[in-house]
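> give me a model of this one.
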Amino acid sequence: MLKPGATIGILGGGQLARMLALAGARLGLKSHVFSPVADDPAFDVCAAHTKAYFLDEAALAAFAESVDVVTYEFENVPARTAEVLEAHRPVRPNPKVLALTQDRLIEKEFVRGLGVATADFADVTNAESLARAVARLGRPSILKTRRFGYDGKGQTQIREGVDLAEAFAALGGAPCILEGFVPFSKEVSVVAARGLDGEFRAYDVCENVHERHILAVTTAPAAMSEATARAAVEMARKIAEAADYVGVIAVEMFVVADGSGERLVVNEIAPRVHNSGHWTLDGAVTSQFEQHMRAVAGMPLGATTRHGRQVTMQNLIGADVDRWADILREDGACLHLYGKTESRPGRKMGHVTRVKR
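Here you go, the predicted structure:
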């Protein structure tokens, strides 16, 4: 177990790294942030930072030697980067998890292999295999690149009338996965943590609403039966244990309600702190950021108990951030700004949390 005064290395310098560094400081942990972006917001709050490319092996080695353990704020860490770092210091979550979650096809096969439900899917390597996949899974369905997709990027819907060759070309001809349509009633996520000793703790299952493919609002707890919520947590536990996971993990799921009740379909795994867990900063005894820092440091996990009857988290996207002064005047509103200097449409600039007592 690391002690206060130890240094956590964080790959990536965005808002997630910023909030990790702030949470670590509460425990006396220092953070060293590694990012190629000069004005990343995490640089403002960390004890040390390195500005270098993720494939600069000399810089990576020097970074690793200056920290006690390495973690990351995003899953698209190059495999070679993780390999170089792991030769010097423990990397948590382990790099095998990165390889697993960077490829949607491998991730789906892994989850299915655990007996956990996913949408039906098919591997797509060219327009011909896309035609075969559509013939099997039908329309509507969703074509996604296997790698590097987020917030709706790298995907397109296959509806009636869509030209399949054009759809495949529109995604750059990259290897893809076709996912069958899931008639879900809501999207939820389980944010949980697994410690170095295998201890597992989950927050309340939360419900997510997206606008233009970007998370807009998260509400905890989700409106669902207790049995379904317990089943969701057990799915996340099964995934974390099978991956020998250490740190905070988020598992996004669809809730499908039909005549037989509610059932769950796993959508995606995020091997990191997650936007749908931001409500825990003000709405839980231990935030997801502190929990992650505890886990990767080998410290005991904290309580995940929710404050109040209900917690909502609203993202401030693009020009939404201009309402910051009004939000500050609102009793009970907890404002978090990410320190980004430029506001753009679709860019997450901050969030606000409200706890109902």
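> number of nearby residues for the nearest residue to residue 196 once chain neighbours are set aside?
Leaving aside its sequence neighbours, residue 196 sits nearest to residue 298 (CB to CB, 6 or more residues apart in numbering; 4.3 Å). All C-beta spots, glycine's among them, are computed from the backbone N, C-alpha and C. Close neighbours of residue 298, defined as other CB atoms under 10 Å, add up to 18.
> give me the distance between residue 298 and residue 90.
Separation of residue 298 from residue 90 (CB to CB, to the nearest Å) stands at 9 Å.
> same deal with residue 282?
Residue 282 is 31 Å from residue 90, by CB to CB.
> who has more neighbours, those two?
residue 282 (20 against 17).
> and the more buried one, that's in a helix?
Yes. Per DSSP: H, G, I helix; E, B strand; the rest coil, residue 282 lies within a helix segment.
> and the residue lying closest to residue 30 once chain neighbours are set aside, what does it touch?
Of all residues not flanking residue 30 in the chain, residue 47 sits nearest, at 4.0 Å (CB to CB, 6+ apart). Residue 47 makes contacts with 7, 21, 30-32, as judged by CB atoms under 8 Å, 6 or more residues apart in numbering.
> one more time with 10 Å, if that's ok
7-8, 21, 24-25, 29-33 (CB atoms under 10 Å, 6 or more residues apart in numbering).
> please, where are all the strands along the stretch 151-300 of the chain?
155-158, 176-180, 186-194, 200-202, 206-211, 214-220, 247-258, 261-270 (DSSP state E, counting those that start in this stretch).
> of those strands, which is nearest residue 328?
Closest of the strands of the stretch 151-300 of the chain to residue 328 is strand 214-220, at 19.6 Å (criterion: CB to CB).
> pairing partners for that closest one, with directions?
Using DSSP bridges, the strands paired with strand 214-220 are strand 206-211 (antiparallel), strand 310-317 (antiparallel).
> point out the most buried one among those.
The densest packing among those, expressed as mean neighbour count by mean count of other CB atoms under 10 Å, is seen in strand 310-317 with a mean of 21.
> C-terminal to that one, what's the next element?
Using DSSP states H and E, the helix or strand that follows strand 310-317 in sequence is helix 324-329.
> who's in contact with the residue of the chain most remote from its centre?
Most distant from the centre of the chain: residue 161, at 33.6 Å, with distances by CA atoms, centre = their mean. The contact partners of residue 161, by CB under 10 Å, 6+ apart, come to residue 139.
> roughly how far does the residue nearest to residue 126 when sequence neighbours are not counted sit from residue 157?
Using CB to CB, 6+ apart and skipping the chain neighbours, the partner closest in space to residue 126 is residue 168 (7.0 Å). Counting by CB to CB, the gap from residue 168 to residue 157 is 13 Å.
> overlap of the contact sets of those two?
By CB under 10 Å, 6+ apart, residue 168 and residue 157 have these common neighbours: residue 143.
> same drill for the two, tell me which one is more crowded.
Using other CB under 10 Å, the more surrounded residue of residue 168 and residue 157 is residue 168, with 24 against 12.
> any residues in contact with both of residue 298 and residue 90?
Shared contacts of residue 298 and residue 90 (CB under 10 Å, 6+ apart): 68-69, 196, 246.
> got a winner among these for most neighbours?
With neighbours taken as other CB under 10 Å, the top of these is residue 246, carrying 25 neighbours.
> so it makes contact with residue 293?
No. Contact criterion CB atoms under 10 Å: residue 246 and residue 293 do not qualify, at 11.7 Å.
> overlap in contacts of those two?
Common neighbours of residue 246 and residue 293 (criterion: CB under 10 Å, 6+ apart): 69, 71.
> in this structure residue 310 contacts residue 218, no?
No. Contact criterion CB under 10 Å: residue 310 and residue 218 do not qualify, at 11.2 Å.
> what do those two both touch?
279, 283.
> now stretch 3-12: buried residues?
6-12 (16 or more other CB atoms under 10 Å).
> so of those residues, which two are at opposite extremes in space?
Most distant of the buried residues of stretch 3-12, by CB to CB, are 6 and 12, 19.5 Å apart.
> can you give me the helices for the stretch 51-200 of the chain?
Secondary structure of the stretch 51-200 of the chain (DSSP state H, counting those that start in this stretch): helices at 57-65, 79-86, 95-101, 104-113, 127-137, 164-170.
> may I see the buried residues of the longest helix seen in the chain?
Secondary structure of the chain per DSSP state H: the longest helix is helix 226-242. The neighbour-count check on helix 226-242 (16+ other CB under 10 Å) flags 228-229, 231-233, 235-237, 239-240 as buried.
> give me the below-cutoff pLDDT ranges for the stretch 1-150 of the chain.
In the predicted model, the stretch 1-150 of the chain carries pLDDT under 70 at residues 149-150.
> thinking again about what came up before, buried only: go through the contacts of residue 47 for me.
By neighbour count, with 16+ other CB under 10 Å, these hold 7-8, 21, 24, 29-33 as buried.
> and the residues you listed as CSV, adding distance to residue 119?
Supplementary listing: those in CSV, determined by distance: CB to CB, whole Å:
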residue, distance to residue 119
7, 41
8, 36
21, 36
24, 36
29, 39
30, 42
31, 37
32, 39
33, 36
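> among these, which one lies nearest to residue 40?
Distance to residue 40 across those (CB to CB) is lowest for residue 33, with 7.2 Å.
> SS state for the closest one?
Three-state call for residue 33 (three-state DSSP): strand.
> pretty sure it contacts residue 52?
No. Between residue 33 and residue 52 there is no contact under CB under 10 Å: 11.2 Å.
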